[in-house]
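**Q** no letters, just coordinates:
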DNA sequence: ACCCAGGGTCATA
DNA sequence: TATGACCATGGG
């Protein structure tokens, strides 16, 4: 099976996913930070708190004291860390001239700029690039590694950039496709057995790839 | 009473 | 460069 065949099967099975869950560029960026190593259901509560407090805007978020911001995003976990990361991200956006200005940046400049922000790593940057700014980058997350790795389509131990380059080279740079593919992998990613212990079928079936490491190897 | 989730940073060796 | 500790809540 090729990557493209895998995509079409998932697409036919589950149809359009309408990702990212979030209405504005700002909300997508906030969600990308809040969902770091965190279940989305917890992120939803945090975002609901921000909305209820009228804090989901550039100005409000930047004006909010760090401890108050942390209190609002508390359900998302790591709230002290994430409050600082959100602050750093919004200050960077603001210094760059806002979302409007960033929209005019090249893919490369935008990506390296995001990666320079404290608390924004490759996956968070690519979430923002693909879903907020509609740039053709393929997001590599735990689900992508686990599922495509078990299919034998990729080597899940490869570093982030190398893996992304391989997948992007195999697929055409197609924003709607990258969007829908990653959405399908994540939205239905829990519907497979866990890496450890492996499910009964994996144990019985010869050729079922061994457990996929949850922890990513460095570049 | 565990295990895990749509990561990233920092300190060690 | 490669591991490990740490961050923290909520659901299964």
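**A** Good, I have the coordinates. Predicted model, so just to flag it, every value in this text is computed and none were measured.
**Q** what does chain A put close to DNA strand B?
**A** Proximity of chain A to DNA strand B (C-beta under 7 Å from any atom of the strand) is limited to residues A:19-21, A:31-32, A:35-40, A:42, A:77-78, A:81, A:118-125, A:127, A:131, A:141-143, A:186-187, A:189-190, A:194-196, A:214. Quick note: C-beta positions are derived from backbone N, CA and C, even for glycine.
**Q** emit the ChimeraX select command for whichever of those residues are buried.
**A** Buried subset of these, written as a ChimeraX selection, criterion 16 or more other C-beta atoms under 10 Å:
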select /A:19,20,21,31,32,35,36,38,42,77,78,120,122,123,124,125,127,131,141,142,143,186,187,195
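**Q** so who does residue A:102 touch?
**A** A:93, A:96, A:110, A:113, A:133 (C-beta atoms under 8 Å, 6 or more residues apart in numbering).
**Q** that one: what secondary structure?
**A** For residue A:102, the secondary-structure state derived from DSSP: H, G, I helix; E, B strand; the rest coil is helix.
**Q** what about it, distance to DNA strand B?
**A** 18 Å (C-beta to the nearest atom of the strand, to the nearest Å).
**Q** the helices in chain A, which residues?
**A** Using DSSP state H, the helices found in chain A span residues A:3-14, A:25-34, A:40-52, A:58-63, A:66-72, A:79-95, A:98-103, A:107-115, A:122-127, A:142-150, A:160-170, A:175-187, A:200-204.
**Q** how about these in CSV, adding mean pLDDT?
**A** Putting the helices of chain A into CSV (pLDDT from 0 to 100) gives the following:
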stretch, mean pLDDT
helix A:3-14, 96
helix A:25-34, 98
helix A:40-52, 98
helix A:58-63, 98
helix A:66-72, 98
helix A:79-95, 98
helix A:98-103, 98
helix A:107-115, 98
helix A:122-127, 98
helix A:142-150, 90
helix A:160-170, 96
helix A:175-187, 97
helix A:200-204, 56
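**Q** out of the ones you listed, nearest to DNA strand C?
**A** Of all those, it is helix A:79-95 that lies closest to DNA strand C, at 3.1 Å by C-beta to the nearest atom of the strand.
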